[in-house]
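Participant: Dropping the sequence and predicted coords here.
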Amino acid sequence: MRSYLLPLFPLLLAACSPEIDLAPAGSQAVPLYEQSPERTDLDRLSYLGGVVLTNPDDRFGGFSALAVSADGSRILAVSDSAYWMTATIGWSEDDGTLLVSEFAMASMLSRTGNQLDGTAADSEAIADLGDGVFAISFEREHRINTYAIGEDWSQLDSAGEALLSPPGADEFTNNGGMEGLTALPGGRLLAGIEDGGSGAYPLWLREAGSWSLSELAAQPDYGLTSLDYHDGQVYVLERFWRSDIGTHIRILRFAVDALGSGERIEPELLGTLEAGKTVDNFEGISVTERDDRTVLLIMSDDNYNEAQRTLLLAFQLD
C-alpha cells in the first residue's frame, strides 16, 4: 500500500531553447476517495498518489495528452491550445510516492514554423515514434503532425511535418476526432476516434503507410479520450459527462493482437472514477514500469475553466 501524498518541489530549470519559459508551479495532494483518504483500492488498480497542479502562467492547463520518457524520469504533455509542457518526475526512496518538479512550457509550431492558433491549435493526442520524434493529432482541423523534438526534448521549437491522416478524417465530427494516438511495435501507429455514437469507437491502424479500420466497443454516451500501448496491451481512457450526473472515467485495456481480427473488440475494465472519488476530465494516459510494477499515469484537461482542475494521478496495476 502506498501513501497518496505527491509532494511537488519547484526547482530551477535551464531553458532548453529561447522559446521555453518557466513559471512557478504549485500543488495540493488529493486522496482517491474524498471521504476515505486512507483507501487506495480501485477495482483492478491501486492508487499510488495524486496531485492538483497549478501555475499562474495563462498557458498552463488544457492538457489533453501525456507521455513518459523511456527512463520514466520526465513527462511530456500537450494542451488543446497547442502548448508543450514538460516536467520531471521521480519516486521517493522512503515511501515510493511520486515527486514532480521542473515545469517548463513552449509553443507548438505549425508545419511552416509559426505558432499555432485558432481552430488549428486543438492538439489532442501524442505518440512516441522513437528517436525523439512524436506524432501529434489535432481536432477541428483534423490532421497529424510529427515533431522531431529530440530524445531529450530540447527541440520543442521544431516545426511540424505532415503525416497522412486516416481515410475520411475530414468528416470526423468537429470535437470528436483523433483523441487517442499511440505507437505500436513494428513501426505501427494507432489512432482512436472519440465519437462512439454507433456503439463502437473507430480504431485506425497505420502499417506500412496505409490505414486499416478496427472497432472498440463503446459504452453509451461515453467518448474515447486517450490511448497508450504497453507490453502487448493498449490502454484506453473513456469519459462520460452530463450536467446532472457529473464526470465518469473508465480505464480500459485490450490485447494489441485483437486489432485487425474483424471482430468488435471488447475491452477489459480496470477501474472507474466517478462521484465520491477524485475525478475530472481525464484526457491523457501513459503507462510505464516501476520496480517491476505496471504504473498508469493519467492527467486531466481543465478546459481552462476555474471550476475544473489539472490532476495527475498514479495507479499500479494489481
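Facilitator: Sure thing, it's come through. Residues are numbered from 1 along each chain as shown.
Participant: does the residue sitting nearest the centre point of the chain belong to a helix or a strand, and which?
Facilitator: The structure's the chain has its C-alpha centroid closest to Gly284; by CA atoms, centre = their mean the separation is 1.9 Å. Using DSSP states H and E, Gly284 sits in strand 282-290.
Participant: on that earlier part again, isn't the residue nearest to the centre of the chain right up against Leu296?
Facilitator: No. Between Gly284 and Leu296 no contact is recorded; they are 10.9 Å apart, counting by CB atoms under 8 Å. Using the backbone N, CA and C atoms, a C-beta is placed for each residue, glycine as well.
Participant: if we can go back for a sec, how about the residue nearest to the centre of the chain: what's its closest non-neighbour residue?
Facilitator: If the residues on either side of it in the chain are set aside, Gly284 comes closest to Leu66, at 3.2 Å by CB to CB, 6 or more residues apart in numbering.
Participant: With Thr173 instead?
Facilitator: If you skip the residues right next to it in sequence, Thr173 has Asp195 as its closest partner in space, 5.2 Å away by CB to CB, 6+ apart.
Participant: swap in Ile149?
Facilitator: Counting by CB to CB, 6+ apart, Gln155 is the residue found nearest to Ile149 once chain neighbours are left out, at 4.8 Å.
Participant: neighbours of that neighbour, just the number please.
Facilitator: Burial of Gln155 is recorded as 16 neighbouring residues (other CB atoms under 10 Å).
Participant: And Thr173, how close does it get to Arg140?
Facilitator: When CB to CB, to the nearest Å is applied, the distance between Thr173 and Arg140 equals 10 Å.
Participant: between those two, which one's more packed in?
Facilitator: For Thr173 against Arg140, the residue with the higher neighbour count under other CB under 10 Å is Arg140, and the figures read 17 against 13.
Participant: Does the more buried one lie in a helix or a strand, and which?
Facilitator: Following DSSP H and E, one finds Arg140 outside all helices and strands.
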